[in-house]
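In: Just to be clear, the model below is a prediction. Sequence and coordinates:
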Amino acid sequence: MRFCPFEPWHMQEVTPQSAQAPYMKWMSPDIAEAAAAHYAFTAIDDRGRIVGCGGIAPADQYLVAWAVFSQLIEAHRFAITRAVRQSLDLHRTCPVVAHIHPEHGKAARFAEALDFRFLEARADLHPSGALLHVYVREGV
């Protein structure tokens with residue numbers, strides 16, 4: 001597995017895990033361009049397949065963590081977790097939030113393993129109007 005800087009075209013190449021697939025239609029080329037302008041990386045397996053993309057972007061007085069993972073994440077979960085933890089540790093001076101669909105239990109457990117805690121549920125964060133759970137990882 002290797003990690004490289006996120007490029008906007010990576011978003012079109014990742015095949016999202018089933019829990020994220022319905023929301024990929026909102027990951028437009030413009031969103032991918034905006035994500036690439038901030039801290040973001042892509043994980044690629046030994047066969048050249050994109051395991052996932054993720055990053056951290058500024059929003060108001062906090063940072064937002066985002067990620068899109070393929071089904072390949074299971075085989076690479078330890079390397080991904082280590083890389084994401086190191087990335088978050090680089091951004092410890094400010095709170096980081098993550099928005100997680102309530103039915104995506106694996107994402108919630110992943111966030112909690114990375115020291116995020118549940119903050120609130122909101123339906124005004126996504127263009128679909130979907131209820132999302134907001135998790136926060138406090139800054140130091």
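Out: It's in.
In: Need the contact partners of stretch 122-140.
Out: Contact partners of stretch 122-140, identified using C-beta atoms under 8 Å, 6 or more residues apart in numbering, comprise 23, 26, 62, 65, 88, 92-102, 108, 111-112, 114-121. Every C-beta, even on glycine, is put in place using the N, C-alpha and C of the backbone.
In: can you name the farthest residue from the center of this protein?
Out: For the chain, the largest distance from the centre (C-alpha atoms, centre = their mean) belongs to Arg47, which lies 22.2 Å off.
In: Give me the buried subset of the contacts of stretch 122-140.
Out: Among the contacts of stretch 122-140, the ones that count as buried by 16 or more other C-beta atoms under 10 Å are 23, 65, 88, 96-101, 108, 111, 114, 116.
In: so what's the residue nearest the centre of the chain up against?
Out: Taking C-alpha atoms, centre = their mean, the centroid of the chain lies closest to Ala67, which sits 1.8 Å from it. Residues in contact with Ala67 (C-beta under 8 Å, 6+ apart) are Gly52, Cys53, Gly54, Gly55, Val84.
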